[in-house]
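Novice: Pasting the sequence and the predicted model now:
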Amino acid sequence: MSTLLILTIATVAIVLFFDYTNGFHDAANIVATIIASRAMTPIQAVIIVGTFEFLGPLFGGTAVANTIGKFVTLGDVAAVLSLAILMSGLVGAIVWNLATWYFGIPSSSSHALVGGLIGAVIVSAGPDNVVWGVSQLMHGQMTGIMKVLAALILSPLIGFWAGFLILRVMQVLLFAAKPSANTGLRYAQFITAAGLAFSHGANDAQKSMGMLTLALLLGGFIPTFEVPFWVMLACATAITLGILSGGWRIVRTLGFAIYRVRPIHALSSQLTSAIVILTASVIGAPVSTTHVVATSIMGIGASERPNAVRWKKAKDIAITWLITIPGSALVAVQTFALVNLFLGKV
């Protein structure tokens with residue numbers, strides 16, 4: 001068996017494992033407000049979230065996959081080296097995901113993936129093999145790293161203000177409502193939670209779809225960058241299994257530590273997050289579910305009782321977001337050094 005074939009198989013396996021850890025890491029983002037507001041039992045949450053998480057990648061298109069799969073250019077790099085680079089970037093993201101999950105920190109899998117790939121590409125092939133998108137931006141085109149970073153930076157801000165406004169609208173609609181209205185709000189979360197799970201699958205699994213398709217292209221198994229259906233199916237399965245595994249250590253942070261979440265807040269957060277993430281998926285913008293959910297809760301809290309929002313916790317999360325890209329990049333650089341040594345200077 002050739003080195004190229006071994007590396008391709010290994011890279012595909014690592015992509016699917018990253019997809020699994022993405023779901024495992026982000027499970028808390030989907031279920032945090034559901035559990036905090038007591039809208040569903042854990043079993044009900046698993047059934048609803050698992051079903052629509054699986055459907056998201058299959059019916060959410062491939063716009064995000066195209067963005068993620070094309071912000072690094074490895075076509076002019078030797079096939080074995082390019083796969084080693086891709087593998088190293090993914091390992092950097094996986095290690096960061098598992099480390100932040102272990103410590104219960106809601107960091108971004110998207111930031112980790114971007115950081116890992118940038119670090120591995122720069123140290124091995126050089127910065128010219130990263131599509132920075134600066135020159136294209138000067139001509140009014142949003143592409144490459146500029147498009148990825150714009151989506152990752154703007155989506156939390158949009159999530160904050162959308163959550164702020166949606167809660168205000170909900171309060172107007174429910175003005176003078178009786179406490180029994182909470183029952184209806186809890187039932188409504190069966191719809192909004194399904195929408196959030198679908199949007200998460202449509203956006204996050206596409207990142208893995210892009211990476212897996214790129215691995216197949218670099219390995220010479222497909223002629224052009226087009227996502228095969230079996231890749232969609234494989235990534236949908238991997239991320240759903242990750243969600244069902246329930247890496248819910250972060251539930252406490254998102255559901256309780258930022259703001260005391262009640263049914264109206266949970267419904268507003270899920271509706272906000274689903275709209276923002278699904279819109280991003282349609283236009284091919286990779287966003288962080290962790291960012292959007294957390295900032296939507298902050299916006300909702302700021303809309304109702306700003307003094308009750310635990311801004312210190314928000315600050316801790318923001319610091320983690322800032323160090324994720326350089327942190328995962330550093331892990332990827334170290335991983336590439338080990339892979340390069342193992343392959344005998346690929």
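Specialist: Nice, thanks for sending it over.

Novice: so where's the stretch 151-300 of the chain uncertain?
Specialist: 246-257 (pLDDT under 70).

Novice: Okay, helices next: where are they in the stretch 201-346 of the chain?
Specialist: For the stretch 201-346 of the chain, the helices defined by DSSP state H, counting those that start in this stretch occupy 229-245, 251-252, 263-283, 289-304, 311-342.

Novice: got the buried residues for the longest one?
Specialist: Think helix 311-342. Across helix 311-342, burial judged by 16 or more other C-beta atoms under 10 Å covers 313-314, 317, 320-321, 324-325, 327-336, 339-340. C-beta coordinates here come from the backbone N, C-alpha and C atoms, glycine included.

Novice: rewinding a little: how about the helices of the stretch 201-346 of the chain, which one is nearest residue 164?
Specialist: Smallest distance to residue 164 across those (C-beta to C-beta): 4.0 Å, for helix 289-304.

Novice: Compute the inter-axis angle for the closest one and helix 311-342.
Specialist: In terms of direction (axes from the mean of the first three to the mean of the last three C-alpha atoms, to 10 degrees), helix 289-304 departs from helix 311-342 by 170 degrees.

Novice: Which other helices and strands does helix 289-304 contact?
Specialist: Packing contacts for helix 289-304, counted by 3 or more C-beta pairs under 8 Å, 6 or more residues apart in numbering; DSSP states H and E, involve helix 3-36, helix 144-173, helix 181-218, helix 263-283, helix 311-342.

Novice: Redo the ones you listed as TSV? Include distance to residue 290.
Specialist: Below are the helices and strands packed on helix 289-304 laid out as TSV (distance: least, C-beta to C-beta, whole Å):
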stretch	distance to residue 290
helix 3-36	5
helix 144-173	9
helix 181-218	10
helix 263-283	10
helix 311-342	8
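
Novice: Tell me which of those lies nearest to residue 112.
Specialist: Nearest to residue 112, of the helices and strands packed on helix 289-304 and by C-beta to C-beta, is helix 311-342 at 4.2 Å.

Novice: can you state the direction angle for that closest one and helix 3-36?
Specialist: Per the same axes, to 10 degrees, the angle that helix 311-342 makes with helix 3-36 is 170 degrees.

Novice: now helix 311-342: how far from the chain's centre is it?
Specialist: How far helix 311-342 lies from its chain's middle: 15 Å, per C-alpha atoms, centre = their mean, to the nearest Å.

Novice: With stretch 70-86 instead?
Specialist: Centroid separation for stretch 70-86 versus its chain: 23 Å, with C-alpha atoms, centre = their mean.

Novice: re earlier: which among the helices of the stretch 201-346 of the chain is found nearest to residue 29?
Specialist: Shortest distance between residue 29 and the helices of the stretch 201-346 of the chain, using C-beta to C-beta, is found for helix 289-304: 4.6 Å.

Novice: Dump the helices of the stretch 201-346 of the chain to a markdown table, plus distance to residue 6.
Specialist: Formatted as a markdown table, those follow (distance: least, C-beta to C-beta, whole Å):
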| stretch | distance to residue 6 |
| --- | --- |
| helix 229-245 | 19 |
| helix 251-252 | 39 |
| helix 263-283 | 34 |
| helix 289-304 | 33 |
| helix 311-342 | 11 |
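
Novice: To residue 194, which of the ones you listed lies closest?
Specialist: helix 263-283 (8.6 Å).
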